[in-house]
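Asks: all I have is the shape, not the residue letters:
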């Protein structure tokens, strides 16, 4: 069994044994995965990114989704046939196979940098084998590995060396997904990469879980982060150059010189504005919740809904599903916004709010790639909120070392002490 420590503490994940009869779910999974395997190999013989290639690519991805969907369905508590043991068994089995695969790869001269439940990143340290040769090694290894388990499974897999269809007692295959020229790893399931595309004979830049791909990332911040990551992945990063870029952009934000396209936000109206707000109902009593001061606790109304209600009062027709364009002019304690028309009449925005949204994706990269620069060269570029969080971390964690020698550390403490005094002044003003 696997014994893992997670957010709920220590947990035992047993390796389970099952009936020899093949049920409906395994039969469906086998069909989807076999068909996907066939399409994947057909795709290799088609011109890259041609109409036929895209047709097979989407078909392959659809089959992959269907093959994997059972795991998510049976592990979903609200599913009619929810069974934790199925999801747990799949995860535990994948982890076990992955660990054995990692050990096998290490034995053949590969270094594992990081991985996930069903994948790993390897560096061909000793250059003993090509990926095609490693694929064939794994193809034979999985047969030997599964022999001890006396499985009753029977599936047809393609021999990577001969191209012939052969029967096996397992579903396990080695898949070489991509080769990365360089990579910036932020944390698990979040990284930025430069990949060589053999079919197109060119490099492709991308991300898994990165900020610039997320819809809630400010477009200007996404563009800036994408440029920064490309610069780093190409090994052309210049601290002085990027300091100038970030500093000048901060000055532009502070001078209220951002273009309309960079400050306007858009959100949809999912219900009638009149349906928002109202008292917060206690789930146990069914009555409105009462705050400490004796007043009834109200549900907050989103900023764009308030603007939609104001627009309706002015004669605009706003329907459910419509999009509202607006600009944030205050962010604390709650967001306050103005409509796009109001912004065009009198351009203004909350410069602190917008700069924090820009700096966050940049800090995500720079804290990993150039941590010394973050606390030295770029220090005057960051927002008060970021400096304040650094001060708190420095106070609570004596081992926190954002800079690399004691002299720099003392200087940073002096700067952070000033921030603490400014913070105290802000609290006094708010009390007044």
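Replies: In hand now; what should we look at? Just so we're clear, the structure is a prediction, and the values are computed from it rather than from any experiment. Residues are numbered from 1 along each chain as shown.

Asks: which residues does stretch 132-151 contact?
Replies: Under the criterion C-beta atoms under 8 Å, 6 or more residues apart in numbering, residues 97, 100-101, 104-105, 108, 110, 129, 157, 159-161, 168-170, 172-174, 176 lie in contact with stretch 132-151. No exception for glycine: its C-beta is placed from N, CA and C like everyone else's.

Asks: contact partners for residue 233?
Replies: When the contact criterion is C-beta under 8 Å, 6+ apart, the partners of residue 233 are 181, 182, 183, 184, 192, 193, 194, 205.

Asks: filter these to the buried ones?
Replies: Applying 16 or more other C-beta atoms under 10 Å to those, the neighbour count classes 183, 184, 192, 193, 194 as buried.

Asks: farthest pair in those residues?
Replies: 184 and 194 (9.3 Å; C-beta to C-beta).

Asks: low pLDDT regions in the stretch 151-300 of the chain?
Replies: Nowhere does the stretch 151-300 of the chain drop to pLDDT under 70.

Asks: strands of that one, residue ranges please.
Replies: Listed in chain order, the strands of the stretch 151-300 of the chain (DSSP state E, counting those that start in this stretch) span 155-158, 165-168, 180-187, 190-197, 202-208, 265-268.

Asks: now intersect the contacts of stretch 132-151 with the helices, please.
Replies: Among the contacts of stretch 132-151, the subset assigned to helices under DSSP state H consists of 97, 100, 101, 104, 105.

Asks: in those residues, find the pair that's most separated.
Replies: 97 and 105 (12.4 Å).

Asks: who has more neighbours out of the two?
Replies: residue 105 (21 against 17; other C-beta atoms under 10 Å).

Asks: list the contacts of residue 357.
Replies: 217, 218, 221.

Asks: closest to residue 33 among those?
Replies: Ranked by distance to residue 33 (C-beta to C-beta), these are led by residue 217 at 34.9 Å.

Asks: need the nearest residue in space to that closest one, chain neighbours excluded.
Replies: Using C-beta to C-beta, 6 or more residues apart in numbering and skipping residues adjacent in sequence, the residue nearest residue 217 is residue 211, 5.0 Å away.

Asks: distance check, that neighbour against residue 252.
Replies: Using C-beta to C-beta, to the nearest Å, residue 211 is found at 20 Å from residue 252.

Asks: picking up where we left off before, could the strands of the stretch 151-300 of the chain go into TSV alongside distance to residue 37?
Replies: Shown next, in TSV, are these (distance: least, C-beta to C-beta, whole Å):
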stretch	distance to residue 37
strand 155-158	6
strand 165-168	10
strand 180-187	24
strand 190-197	22
strand 202-208	24
strand 265-268	41
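
Asks: tell me which of those strands sits most buried.
Replies: Among the strands of the stretch 151-300 of the chain, strand 190-197 has the highest mean neighbour count (mean count of other C-beta atoms under 10 Å), at a mean of 18.

Asks: ok, it: who's next to it in the sheet?
Replies: With DSSP bridges as the test, strand 190-197 is paired with strand 180-187 (antiparallel), strand 202-208 (antiparallel).

Asks: who touches the most centrally placed residue in the chain in this structure?
Replies: Nearest residue to the geometric centre of the chain (C-alpha atoms, centre = their mean): residue 209, 2.6 Å. By C-beta under 8 Å, 6+ apart, the contact list for residue 209 reads 189, 190, 191.

Asks: between residue 211 and residue 252, which has more neighbouring residues?
Replies: Under the criterion of other C-beta under 10 Å, the comparison of residue 211 against residue 252 puts residue 211 first, with 23 against 16.

Asks: show me the contacts for the more buried one.
Replies: 217, 221, 222, 225, 360, 361, 364.

Asks: same question for residue 52.
Replies: Counting by C-beta under 8 Å, 6+ apart, residue 52 makes contact with residue 46.

Asks: quick check: it vs residue 42, distance?
Replies: Residue 52 is 9 Å from residue 42, by C-beta to C-beta.

Asks: which of the residues in stretch 58-72 are classified as buried?
Replies: By 16+ other C-beta under 10 Å, the buried positions in stretch 58-72 come out as 59, 60, 63, 66, 67, 70, 71.

Asks: typo on my end, stretch 36-44
Replies: In terms of neighbour count (16+ other C-beta under 10 Å), stretch 36-44 has its buried residues at 36, 37, 39, 40, 43.

Asks: can you check stretch 276-283 too?
Replies: Buried residues in stretch 276-283, counting neighbours by 16+ other C-beta under 10 Å, are found at residue 276.

Asks: could you do stretch 224-244 as well?
Replies: Buried positions in stretch 224-244, judged by neighbour count with 16+ other C-beta under 10 Å: 224, 225, 226, 228, 229, 231, 232, 233, 237, 242.

Asks: of all these, which comes closest to residue 343?
Replies: residue 224 (22.2 Å).

Asks: what's that closest one in contact with, if anything?
Replies: By C-beta under 8 Å, 6+ apart, residue 224 lies in contact with 245, 249, 358, 361, 362.

Asks: does residue 309 sit in a helix or strand, and which one?
Replies: Secondary structure assignment for residue 309, by DSSP states H and E: helix 303-313.

Asks: I misspoke; the intended subject was residue 113.
Replies: Per DSSP H and E, residue 113 falls inside strand 111-115.

Asks: check which element follows that strand along the chain.
Replies: Moving toward the C-terminus from strand 111-115, the next helix or strand (DSSP H and E) is strand 120-123.

Asks: can you list the strands that that next one pairs with?
Replies: Counting by DSSP bridges, strand 120-123 is paired with strand 111-115 (antiparallel).

Asks: contacting residues around the partner strand?
Replies: Under the contact criterion C-beta under 8 Å, 6+ apart, strand 111-115 has outside partners 98, 102, 105, 106, 120, 121, 122, 123, 125, 185, 188.

Asks: which parts of that strand are buried?
Replies: Judged by neighbour count using 16+ other C-beta under 10 Å, the buried positions of strand 111-115 are residue 115.
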